[in-house]
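**Q** got a predicted structure here, sequence first:
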Amino acid sequence: MRRHRNVKIVATLGPASEDHATIRALHEAGADVFRLNMSHGSHESIREKHRIIREVEAELESPIGILADLQGPKLRVGSFANGEEELQEGAIFRLDLDSAAGDARRVCLPHPEIFEALEPGATLLVNDGKIRLTVRDCGAEFADCEVVTGGTVSDRKGVNVPDVVLPLAALSDKDRGDLEFACTLGVDWLALSFVQRARDVEEARALCDGRAAILSKIEKPAAVDAFEEILEASDGIMVARGDLGVELPVQNVPPIQKRLVRKCRSVAKPVIVATQMLESMIESPMPTRAEVSDVATAIYEGADAIMLSAESAAGEYPVEAVRTMDNVAVEVENDPTYTEIIEASRRAQRTTVADGIVAAAREIAETTDIKVICCYTQSGTTALLTARERPRVPIIAMTSLRGTARRLALSWGVNCVMTGELERFKMAVINAARAARAQGYADEMDQIVVTAGVPFNVPGTTNILRVAPCQESLIYSTDPG
């Protein structure tokens, strides 16, 4: 299904969008990848959503990516005898391991690993940062905290520890079970929550064993500090601005977002900007002007994808939210300023033959009347390198592997077409020309650029580039091989 934009749209599925008709409507409106939130719903409900997505994919003959988002370790306080308590600014409030119901002076925090890592002066944030506590004294089983910002705290509210690297694995026992289930089901991407260090990613990769690509969610200050190592260990990144905006001052998030997007692009790994992008559309058919500007900013920065969460999972207008994102993306990408910004930020380091081939393909396409770049890819790497160049012409990724096509649904500007395995470069050119015509990117009077690797069907061998006509008779007459 041809899109008239390059940035991709990720839509989360949930109660508002779990039937066949809605999922199909979401894809037709512009959703390229569907997110399955493992924090909500049973394995059976997740399995059913997966089945419907694959049905829609077959009906529309359009590769669709599926992203399973693991919950990660959730830190929460226990319960209160009265259900909730009001914490007064300046008061001392204790967190401990005692499972007894809490009151205005204390509550259980059933996470001994937090107490092991805390030191006096550390900050704890409760209920999405609405309540701020500063540790005054602590031990192996308690932390006495001063209430810096008071408010109402109730049962099972979340706790964030922004300035401490916690001795927690990114995968809980639940996550391990969900990971195995998702990989067996056949998802394309696994998103890891609350990553703090590269070894969190390496642990997940070992369990995954090549069955899905690994995407790390950056939502903790520790992950921002260790981003270079996390990026190297990951296949993709999500800038998860929700928890990041809780654990860091909110004014820090926009420059961090911009920096992370550029770093991902420089190494040709897809990056999603997520959280509250069209939040008001949960209840309203129209977004706010600020939300539209937020979506546009992520597109101007060169993000590979933008994501809807509750807007499409639980909102009243899921299809309208996707359509709004699509409309904003088309408008932004048609702005001459967008092209100027994207090209000014092109700072890729080119050290391989494949780097040189894709850079040359872009240069040729932009200096002559080339309609599309067609790249043959098995692992997806050549398509990712081509997308990193952010060419002004469309990209068609030709692959014989459906899994590769589905994973590339997350990558900027990549339109995937399935093709059989090839043995001769002439047939590669002919198939590329046919795909360009069939997808409406070119006609018989146009020219295309084709990149491939010889020998065929071997990952990492991109070593050839050809400018070719779209007319098959001309391909035969100019290439007897």
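**A** Thanks, I have it.

**Q** low pLDDT regions in this structure?
**A** 348, 476-481 (pLDDT under 70).

**Q** and the closest residue to residue 182 other than its chain neighbours, which of the three is it?
**A** The shortest distance from residue 182 to any non-neighbouring residue, by Cβ to Cβ, 6 or more residues apart in numbering, is to residue 68 (3.9 Å). Using the backbone N, CA and C atoms, a C-beta is placed for each residue, glycine as well. Look at residue 68: counting by DSSP: H, G, I helix; E, B strand; the rest coil, its state is strand.

**Q** surely residue 68 and residue 39 touch.
**A** No - Residue 68 is not in contact with residue 39 according to Cβ atoms under 8 Å; the separation is 10.9 Å.

**Q** which one's more surrounded, the two?
**A** Set residue 68 next to residue 39 and count neighbours by other Cβ atoms under 10 Å: residue 68 wins out with 24 against 12.

**Q** what values do phi and psi take at residue 78?
**A** Here is the backbone geometry of residue 78 (degrees, to the nearest 10): phi -80, psi -150.

**Q** quick one: it from residue 100, how far?
**A** Counting by Cβ to Cβ, to the nearest Å, the gap from residue 78 to residue 100 is 9 Å.

**Q** more neighbours: these two, which one.
**A** Set residue 78 next to residue 100 and count neighbours by other Cβ under 10 Å: residue 78 wins out with 20 against 12.

**Q** mind listing what that one touches?
**A** 99, 101-102, 107-110, 155-156 (Cβ atoms under 8 Å, 6 or more residues apart in numbering).

**Q** the longest helix that the chain contains: which residues count as buried?
**A** Looking across the chain with DSSP state H, the single longest helix is helix 43-60. Using 16 or more other Cβ atoms under 10 Å as the test for burial, helix 43-60 gives 46-47, 49-50, 52-53, 56-57.

**Q** ok, so of the residues you listed, who is nearest residue 172?
**A** Taking Cβ to Cβ as the measure, residue 172 lies nearest residue 46 of the buried residues of helix 43-60, at 17.0 Å.

**Q** grab the nearest non-local neighbour of the closest one.
**A** Nearest non-adjacent residue to residue 46, counting by Cβ to Cβ, 6+ apart: residue 36, 5.4 Å away.

**Q** same question for residue 269.
**A** Spatial nearest neighbour of residue 269, chain neighbours left out: residue 236 (5.5 Å); criterion: Cβ to Cβ, 6+ apart.

**Q** report the contact partners of the one you found.
**A** With the criterion set at Cβ under 8 Å, 6+ apart, residue 236 makes contact with 189, 213-216, 264, 269-272, 304, 410.

**Q** just the buried ones from the contacts of residue 78, in PyMOL syntax?
**A** A single PyMOL command suffices to select whichever of the contacts of residue 78 are buried according to 16+ other Cβ under 10 Å:
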select buried, resi 102+107+108+109
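
**Q** looking at the contacts of residue 78, which are in strands?
**A** Residues of the contacts of residue 78 located in strands (DSSP state E): 107-108.

**Q** now the contacts of residue 78 as JSON lines including distance to residue 183?
**A** Formatted as JSON lines, the contacts of residue 78 follow (distance: Cβ to Cβ, whole Å):
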{"residue": "99", "distance to residue 183": "35"}
{"residue": "101", "distance to residue 183": "40"}
{"residue": "102", "distance to residue 183": "39"}
{"residue": "107", "distance to residue 183": "37"}
{"residue": "108", "distance to residue 183": "35"}
{"residue": "109", "distance to residue 183": "33"}
{"residue": "110", "distance to residue 183": "29"}
{"residue": "155", "distance to residue 183": "34"}
{"residue": "156", "distance to residue 183": "30"}
